[in-house]
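Visitor: Mind folding the following:
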Amino acid sequence: MTVQNDLRRVLQVAQQGRHKKTLAEAKAAMRQHNRHPAFPNFAAVALCAMGRERDAVPYFQKALKLDPEFHDAAKNLAHALIVLHQPEPAAKLLKRVAAACPQDSGVFRILTLAQMDSGKLDDALAAATDYLRLCPKDAQAFMMRADVHAKQNNLASAVTDLDGAAALAPDNFQIWVQKSAVLARMAEHEEATAAARHAVDLAPQHPRVLTNYATQLVNAGELEQAAEVYRRILEIQPGEPDVLEHLARLQSREENEGIWPVALAEYDKAPKGPGRAALGFALAHMAEQRGDRQAANTYLNAANREIAKITPYPAAEEKRFNDKILNRFRSPLSFDRRTRAQHPRPIFIVGLPRSGTTLTETILGASPEVAPLGERPTCDLLYPIIQEDLPFGPDEVESLVAADQAQLPEHARSARAYTDKMPENHRLIGFLVAAYPDCRIVDLRRDPRDVALSMWRGRFSNGALSYSYDLQSMAHRFNLYAEIMAHWHNLYPGSIYRLSYEDLVADVTSASRSLAEFCGIEWVENMARPELYTGGVRTMTAHQLRQPVHMRSVGKWRDYEDVMAPFVTALDKKLWQELEPDN
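Guide: The predicted model follows:
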């Protein structure tokens with residue numbers, strides 16, 4: 001049988017989607033035509049279609065050995081390497097193909113993915129721009145470049161590209177889901193919710209679309225409506241772990257009785273992994289509502305242990321990072337300041353997660369002078385400087401401020417001040433003071449045992465805060481926080497406002513007045529009524545902020561003293577001198 005006949009036969013089977021048959025036919029043809037590169041490529045593509053990328057790689061390599069100019073095989077191999085989490089060799093391979101085939105848009109599409117996965121975002125942006133240049137009428141090209149912009153925190157540029165995608169494909173619901181997520185990061189919460197709602201209009205039964213909409217509703221404080229959407233998702237995907245966890249936190253004890261048996265049945269049959277952990281957190285919350293603390297602790301311990309295995313905490317790496325900053329700032333930065341255009345005053349709210357940063361931002365956001373912007377990505381602009389020991393002088397300050405201010409949403413540009421409540425900014429205070437000498441820094445302090453308990457009982461999205469799933473890791477990270485904050489307070493005495501969470505919830509009126517005075521804004525009555533806040537909130541505690549300020553969580557760790565013992569023991573008492581000595 002001729003090569004052409006065998007090629008036609010294998011291609012016909014491949015086009016029918018019969019992957020096992022394609023693999024068998026391709027292997028048989030390879031034995032007959034062992035110098036022809038198309039057959040190992042067919043075999044490899046079939047293996048990839050079956051999710052066997054690792055087995056496919058040698059076949060792609062064989063095809064390229066037979067024909068080094070077989071560019072389709074090179075692209076296919078690069079895609080397999082990306083799936084196998086080897087983006088750097090994939091990018092190297094694709095650059096050679098791009099040089100040979102500069103008009104092949106597929107090369108630049110895959111190269112964009114490889115560079116993003118490698119963390120080389122400038123290179124990813126260049127590749128995405130080439131992809132868009134070659135395919136200016138392709139909405140996917142706009143969406144891909146928007147994704148790169150979002151990863152670079154160029155959020156306004158991401159929205160512009162998504163608008164371009166929507167103009168080409170207005171009925172593509174994925175565009176609107178992507179746009180709603182970017183708008184939420186920009187603190188444009190009304191627009192984010194509207195975009196999410198439009199995606200639902202386009203794809204009313206799509207679970208991802210509905211999940212995104214529910215998330216935006218929670219952020220907007222529409223909790224009952226969000227719960228309804230989660231219930232709707234469960235009708236489409238019964239027993240979906242993440243949905244059960246979110247719904248459990250929104251429902252009353254009586255409402256949760258209806259989903260308890262569903263969550264329990266799913267938990268009993270779920271394999272180890274993030275899904276089982278999500279179900280564990282859901283069951284722990286519901287068990288606590290039932291008053292069964294022993295069961296709640298059992299589920300919590302298992303759920304946290306599960307995620308700790310998936311996302312281990314890099315303690316040594318975190319310590320090195322802290323030390324880099326401490327060694328860099330033995331004294332405040334000092335250099336001639338250049339005249340800069342007027343900008344709104346940043347108010348950086350720092351502290352451990354779950355220490356009251358969101359509540360504090362909500363109080364400040366009640367002022368008509370302040371634009372609350374949530375967790376801004378300023379730290380992403382500074383981390384490379386720290387990690388690579390780059391200089392930070394006048395030129396770098398100017399670049400930082402320009403890049404940072406360019407990402408402010410329109411409503412913040414005209415405000416007197418804006419808030420940035422990214423907890424990780426506590427490490428960056430030296431840089432922030434140098435960049436914004438008129439900024440205000442508020443350091444939230446809450447009993448670390450209550451903070452740790454709150455974190456232990458919840459799950460953060462996207463694998464964030466890996467230390468929060470192991471009690472000793474939590475203590476290690478808390479100690480690093482206390483160490484570097486003590487350093488900043490010594491370096492900038494009187495310039496950082498230490499706000500006690502316990503004092504704040506005990507007398508919100510008095511605390512908010514003092515806070516307003518420190519931040520240089522006029523106090524208004526609504527600052528003492530954060531439960532009336534109607535803006536959006538992107539945080540695990542979004543569902544709690546619509547309640548009046550209370551003290552129910554103060555000292556709650558005592559009810560879990562046995563559970564929290566490993567954490568308490570590992571705290572450095574020299575760094576946490578405010579703790580009672582007998583505890």
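Visitor: Which parts of the stretch 301-450 of the chain are helices?
Guide: Assigned by DSSP state H, counting those that start in this stretch, the stretch 301-450 of the chain shows helices spanning 315-328, 357-365, 378-387, 394-406, 410-413, 429-435, 448-456.
Visitor: so which of these comes closest to residue 295?
Guide: Closest to residue 295 of these, according to CB to CB: helix 448-456, at 15.6 Å. In short, each C-beta sits where N, CA and C put it, glycine included.
Visitor: pLDDT averaged over that closest one - what is it?
Guide: The average pLDDT within helix 448-456 is 95.
Visitor: helices and strands around that helix, which ones?
Guide: Applying 3 or more CB pairs under 8 Å, 6 or more residues apart in numbering; DSSP states H and E, we find helix 448-456 packed against helix 471-491, helix 561-570.
Visitor: Buried deepest among these, which one?
Guide: Compared across the helices and strands packed on helix 448-456, helix 471-491 shows the largest average neighbour count, a mean of 19 (mean count of other CB atoms under 10 Å).
Visitor: picking up where we left off before, among the helices of the stretch 301-450 of the chain, show me which one is buried the most.
Guide: helix 357-365 (a mean of 26).
Visitor: tell me the mean pLDDT for whichever helix or strand residue 56 is part of?
Guide: Assessed by DSSP states H and E, residue 56 sits inside helix 53-66. Helix 53-66 shows a mean pLDDT of 95.
Visitor: Residues touching it, excluding its own?
Guide: Contacts to helix 53-66, defined as CB atoms under 8 Å, 6 or more residues apart in numbering, come from residues 35-38, 40-41, 43-45, 47-48, 70, 73-74, 76-77, 80-81, 83-84.
Visitor: And stretch 196-203, by the same measure?
Guide: Identification of contacts with stretch 196-203 by CB under 8 Å, 6+ apart yields 171-174, 176-177, 180, 209-210, 212-213, 215-217.
Visitor: ok, now how distant is residue 521 from residue 272?
Guide: According to CB to CB, to the nearest Å, residue 521 stands 50 Å off from residue 272.
Visitor: Can you give me the domain boundaries for this protein?
Guide: For the chain, automatic domain parsing gives the domain ranges 171-237, 238-243+251-310, 316-330+345-570.
Visitor: Any stretches of the stretch 301-450 of the chain with poor pLDDT?
Guide: 335-342 (pLDDT under 70).
Visitor: let's see 50
Guide: Residues of the stretch 301-450 of the chain meeting the criterion pLDDT under 50: 339.
Visitor: where along this structure do the strands fall?
Guide: Under the criterion DSSP state E, the chain contains strands at 345-350, 370-372, 417-420, 440-445, 496-500.
Visitor: Now distance to residue 223 and mean neighbour count too, for these, in a markdown table please.
Guide: Shown next, in a markdown table, are those (distance: least, CB to CB, whole Å; neighbours: other CB atoms under 10 Å):
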| stretch | distance to residue 223 | mean neighbour count |
| --- | --- | --- |
| strand 345-350 | 24 | 25 |
| strand 370-372 | 19 | 25 |
| strand 417-420 | 23 | 24 |
| strand 440-445 | 24 | 22 |
| strand 496-500 | 27 | 18 |
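Visitor: dump the residue contacts of residue 169.
Guide: Residue 169 neighbours (CB under 8 Å, 6+ apart): 139, 175.
Visitor: Roughly how far does it sit from residue 73?
Guide: With CB to CB as the criterion, residue 169 and residue 73 are 31 Å apart.
Visitor: thinking again about what came up before, from the contacts of helix 53-66, keep the buried residues only.
Guide: For the contacts of helix 53-66, a neighbour count by 16 or more other CB atoms under 10 Å gives the buried set as 36-38, 40-41, 43-45, 47-48, 70, 73-74, 76-77, 80-81, 83.
Visitor: Show only the entries of those found in helices.
Guide: Counting by DSSP state H, the buried ones among the contacts of helix 53-66 place 38, 40-41, 43-45, 47-48, 73-74, 76-77, 80-81, 83 in helices.
Visitor: Mean confidence (pLDDT) on stretch 502-520, please.
Guide: pLDDT averaged over stretch 502-520 gives 95.
Visitor: May I see the buried residues of that stretch?
Guide: 502, 504, 505, 508, 511, 512, 515, 516, 519.
Visitor: and the nearest residue to residue 405 once chain neighbours are set aside, how many residues sit next to it?
Guide: With sequence-adjacent residues excluded and distances taken as CB to CB, 6 or more residues apart in numbering, residue 405 is closest to residue 343, at 5.4 Å. Neighbours of residue 343 under the rule other CB atoms under 10 Å: 15.
Visitor: Now that residue 343 has come up, it's in contact with residue 404, right?
Guide: No: the pair residue 343 / residue 404 is not scored as a contact, 9.1 Å apart, by CB atoms under 8 Å.
Visitor: wait, which of the helices and strands packed on helix 448-456 is closest to residue 455?
Guide: helix 471-491 (6.7 Å).
Visitor: the inter-axis angle of the closest one versus strand 440-445?
Guide: For helix 471-491 against strand 440-445, the angle by axes from the mean of the first three to the mean of the last three CA atoms, to 10 degrees is 140 degrees.
Visitor: What helices and strands are in contact with helix 471-491?
Guide: Using 3+ CB pairs under 8 Å, 6+ apart, helix 471-491 is in contact with helix 315-328, helix 429-435, helix 448-456, strand 496-500, helix 561-570.
Visitor: centre of the chain versus the second one, how much separation?
Guide: Taking the mean C-alpha point of helix 429-435 and that of its whole chain, the gap between them comes to 24 Å (CA atoms, centre = their mean, to the nearest Å).
Visitor: before we move on, what about the last one?
Guide: Computed by CA atoms, centre = their mean, the chain-centroid distance of helix 561-570 equals 29 Å.
Visitor: can you check the longest one too?
Guide: Distance, stretch centre to chain centre, for helix 315-328: 22 Å (CA atoms, centre = their mean).
Visitor: Stretch 280-290 too?
Guide: For stretch 280-290, the distance to the chain centre is 25 Å (CA atoms, centre = their mean).
Visitor: again with stretch 350-361
Guide: 17 Å.
Visitor: now stretch 103-110
Guide: 28 Å.
Visitor: Which residues outside that stretch are in contact with it?
Guide: So stretch 103-110 is in contact with 71, 75, 78-79, 82, 90, 94, 97-98, 101, 127-128, 130-131, 134-135, 138, 140-141, 144, going by CB under 8 Å, 6+ apart.
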